[in-house]
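In: Sequence and predicted structure are below.
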Amino acid sequence: MTKRPLSVFRQLFRIMPHQRVLTGAVITTAFLTAVAEGLGVGLVIPLLDTSEIQSNTIKGLPLPGWIGDYIFSLGLVARVRVVAVILLAMVFIQSGMRFANRILTLKLKIETERILNRETILQLYRLPLKFIHNDTSGNLLTTIVTNTHSASYLITILANLILNVSILIVYAVLMALLSWKLTLLAIGLLIPLGVIHHRISSNRLKQEGRAHVTEQKNVRKLVIESLSLMKLSHLYSQESQSIDRCLQAADRYLHHFFESQKLILRSVPLFSISAAIGMSTLLFLGTFFLPAESTGWLGRMIIFLLIVFRLLTPATAVNRMYSEIWNTLPALESVFKFLKTEDKQLMENGNVKFTALKEGIQFDHVTFRYSDLGNPALDDVTFSIPKGEVTAIVGVSGSGKSTIINLIARLYDCSEGRILLDQTDLREFDIPTWRQSLAVVSQDTLLYNDSLMSNLKFANADATDEEAMRAAELAELHQFVEELPEGYDTHIGDNGVRLSGGQQQRIAIARALLTNPDLLILDEATSALDSNTESSIQLALDSFGKDRTVVIAAHRLATICNADNIIVLKEGKVIEQGTHAKLMLQSGLYRELVTKQDLGLDSNFDPPETTST
């Protein structure tokens, strides 16, 4: 193998420090299986009872101590009986060792897959959202689920490789004891043939393996897109185009899978033909070596060819496994590329445990870019969010409202500047303790395919059912749930697909209220509600928000008229600040937007989601 695969395997073994004993057991049982295999072949040799063979050929073979002396002292019939019994014992021993080797290999494979699954899932949650959003769900799913399984399968391949290489070594020792000249001749014939075979197949196998992994990711990506955009395809009559894209991707995946498997299957007969050429050449050239060495050359040649013939099975297996390694290697490389941290900007966790907000939150000349080459979503923004007050953020679509909320929740880190909590940089605080103090309700409701009660308690598993129902009442959800046959045990489907947009949003609001947060963040939290429901929930939120710090990113400006401070954004910059009354006295953007909404002309604003019924 080249240096690159070896370095990848070193990475694999490096993450398995607790599997050394298990790995050692796999290697030990493989070696014992190989020794039992060699002894089994060695015990057959004494049955070849010709005076020509029995000279120095057989007696020169290693048989353990008195067992060898005893066998050679017997007559042919007795020898057959004794060897038959010992052979049976050796078969039991070999079968037991092989079974133990396979069980240990299976356990090692499962442990490896468990480790890779844990490491990839931990890495997924360590990575910033910026990295996740720059990749596709199909790629991530393939890496975490499929490629970790394929990578762990390499453990099975390597274990079988060790077993068969051990058998080859035992056979090579037997061959060398029979005739070191013929052994060197066999090595001189087989190694060049193996090198030629490797040159022909390895590069192509790796290319097809990499293409196979790439197309597998593409298939998963398109299937996930089809599931999430099914409604869009139906609305625009694009079903056939969506189907064709999925089927074409599946065809490409199957094509590369077939090509890679064909290369593996082709390697077996090619290797067998190469081995047959080697054996025939060995038999022919052996006639020039052995007669000059001893008078028992025919016996030695028969025994030697017997061992070579037995050697072909593990040699063919080694060749097949070598091909499978090259085909599977891209999956392992994909996993370690994902686990690599040097090329990723991980979000560093602070050491200070957050307890409570005492003064407020301050944005100090904050600039943020979603990509290194893009325009800033926020550009040198400075403002304060005082503790215990309601701060509203308004602006046209793309002005940076949601970006501010993402930065407060520390889903991203600012590119320049600082965000301060009570004069301390947000990055110095422990992320979990900070996020536990806040609750975010966004217009994009995020729900699990579970029961209503499980979704309500997602952020507060210790809450009682009564507390969850009280939060549901505040969110105008309880009456609707009570009318369901299964009540709070009703399963809502993937991301709440069985509910209306308004019902989904009310679950999100109730979930946030149940956490009893110090900081409540509402990002278009009532955009999917009808006017009556919105008014009722707004009153509940106003009551709940008393003496709390509340941040509201609003589309409907009527909902934020009573805010203590309104921050107006345009193209990532703060252009106005003040109360509703103060801003209405100015001829600025805020007054313009309020006027347009009063006239029903809010075309510059994010359109509201579909209302619930």
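Out: Sure thing, it's come through.

In: mind listing the strands for the stretch 301-450 of the chain?
Out: Counting by DSSP state E, counting those that start in this stretch, the stretch 301-450 of the chain has strands at residues 360-368, 378-386, 390-395, 416-421, 424-425, 438-442.

In: which one of the ones you listed has the most crowded surroundings?
Out: Most buried of the strands of the stretch 301-450 of the chain, by mean neighbour count (mean count of other C-beta atoms under 10 Å): strand 390-395, with a mean of 25. C-beta coordinates here come from the backbone N, C-alpha and C atoms, glycine included.

In: any idea of the mean pLDDT for it?
Out: If you average the pLDDT over strand 390-395, you get 92.

In: and it, which strands flank it?
Out: Taking DSSP bridges as the criterion, strand 390-395 forms sheet pairs with strand 549-553 (parallel), strand 565-570 (parallel).

In: Could you tell me the angle between the last one and strand 378-386?
Out: Meaning strand 565-570. On the basis of axes from the mean of the first three to the mean of the last three C-alpha atoms, to 10 degrees, strand 565-570 is oriented at 170 degrees to strand 378-386.

In: Over to the shortest one?
Out: Orientation of strand 549-553 against strand 378-386 (the same axes, to 10 degrees) gives an angle of 140 degrees.

In: Show me what strand 549-553 is in contact with.
Out: Strand 549-553 has contacts (C-beta atoms under 8 Å, 6 or more residues apart in numbering) with 357, 360-361, 385-394, 401-402, 404-405, 408, 518-525, 559-560, 563.

In: deepest of the strands paired with strand 390-395, which one?
Out: The highest average neighbour count among the strands paired with strand 390-395, using mean count of other C-beta under 10 Å, belongs to strand 549-553 at a mean of 24.

In: picking up where we left off before, looking at the strands of the stretch 301-450 of the chain, which is closest to Ile86?
Out: With C-beta to C-beta, the closest approach to Ile86 among these belongs to strand 438-442: 74.8 Å.

In: got the angle for the closest one vs strand 549-553?
Out: Going by the same axes, to 10 degrees, strand 438-442 makes 20 degrees with strand 549-553.

In: strand partners of strand 438-442, parallel vs antiparallel please.
Out: strand 519-523 (parallel).

In: For the strands of the stretch 301-450 of the chain, could you give me a markdown table that also reports distance to Ala172?
Out: A markdown table is the format used below for the strands of the stretch 301-450 of the chain (distance: least, C-beta to C-beta, whole Å):
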| stretch | distance to Ala172 |
| --- | --- |
| strand 360-368 | 65 |
| strand 378-386 | 69 |
| strand 390-395 | 76 |
| strand 416-421 | 66 |
| strand 424-425 | 66 |
| strand 438-442 | 67 |
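
In: Between those, which one is closest to Lys109.
Out: Here strand 438-442 is closest among these (C-beta to C-beta), at 41.3 Å.

In: so how far is the closest one from its chain's centroid?
Out: 28 Å (C-alpha atoms, centre = their mean, to the nearest Å).

In: send the alpha carbons of the helix or strand following it over as CSV?
Out: Sequence-wise, the next helix or strand downstream of strand 438-442 (DSSP states H and E) is helix 452-456. Output in CSV follows, covering the C-alpha atoms of helix 452-456 (Å, rounded to 0.1, in the frame of the first residue of the first chain):
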residue,chain,number,x,y,z
LEU,A,452,-47.2,17.1,21.7
MET,A,453,-46.2,16.7,25.3
SER,A,454,-42.7,15.6,24.4
ASN,A,455,-42.3,18.6,22.1
LEU,A,456,-43.5,21.0,24.9
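
In: Would you check how far apart the nearest residue to Ala563 once chain neighbours are set aside and Lys344 are?
Out: Excluding the flanking residues, the one nearest Ala563 by C-beta to C-beta, 6 or more residues apart in numbering is Ala392, at 3.9 Å. Distance, Ala392 to Lys344, using C-beta to C-beta, to the nearest Å: 35 Å.

In: Ile566 is in contact with Leu583, correct?
Out: Yes. With contacts counted by C-beta atoms under 8 Å, Leu583 reaches Ile566, the gap being 6.0 Å.

In: State the pLDDT value of Asp49.
Out: 47.

In: Let me see the ranges of the helices in the stretch 1-150 of the chain.
Out: 3-14, 20-44, 56-59, 65-73, 76-126, 129-134, 137-141, 148-178 (DSSP state H, counting those that start in this stretch).

In: a markdown table for those helices, including distance to Ile575 and mean neighbour count?
Out: Listed next are the helices of the stretch 1-150 of the chain as a markdown table, based on distance: least, C-beta to C-beta, whole Å; neighbours: other C-beta atoms under 10 Å:
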| stretch | distance to Ile575 | mean neighbour count |
| --- | --- | --- |
| helix 3-14 | 51 | 13 |
| helix 20-44 | 63 | 19 |
| helix 56-59 | 99 | 18 |
| helix 65-73 | 96 | 12 |
| helix 76-126 | 37 | 15 |
| helix 129-134 | 26 | 13 |
| helix 137-141 | 37 | 18 |
| helix 148-178 | 49 | 20 |
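
In: quick one: which of these is nearest Leu265?
Out: The nearest among those, by C-beta to C-beta, is helix 148-178 at 15.8 Å.

In: What is the least confident helix or strand in the chain?
Out: Counting by mean pLDDT, DSSP states H and E, the chain has its least confident helix or strand at helix 56-59, which shows a mean of 50.

In: May I have stretch 251-271 exported as CSV, CA atoms only?
Out: Taking Å, rounded to 0.1, in the frame of the first residue of the first chain, the C-alpha atoms of stretch 251-271 are listed here in CSV:
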residue,chain,number,x,y,z
ASP,A,251,-28.5,5.2,-11.8
ARG,A,252,-25.1,6.9,-11.5
TYR,A,253,-24.6,5.5,-8.0
LEU,A,254,-25.5,2.0,-9.1
HIS,A,255,-23.2,2.3,-12.1
HIS,A,256,-20.2,3.2,-10.0
PHE,A,257,-21.2,0.5,-7.5
PHE,A,258,-21.3,-2.1,-10.3
GLU,A,259,-18.0,-0.9,-11.7
SER,A,260,-16.3,-1.1,-8.3
GLN,A,261,-17.7,-4.6,-7.6
LYS,A,262,-16.8,-5.7,-11.1
LEU,A,263,-13.2,-4.7,-10.6
ILE,A,264,-13.1,-6.7,-7.3
LEU,A,265,-14.7,-9.7,-8.9
ARG,A,266,-12.4,-9.5,-11.9
SER,A,267,-9.4,-9.5,-9.6
VAL,A,268,-10.2,-13.0,-8.4
PRO,A,269,-9.9,-14.9,-11.8
LEU,A,270,-7.0,-12.7,-12.8
PHE,A,271,-5.2,-13.7,-9.7
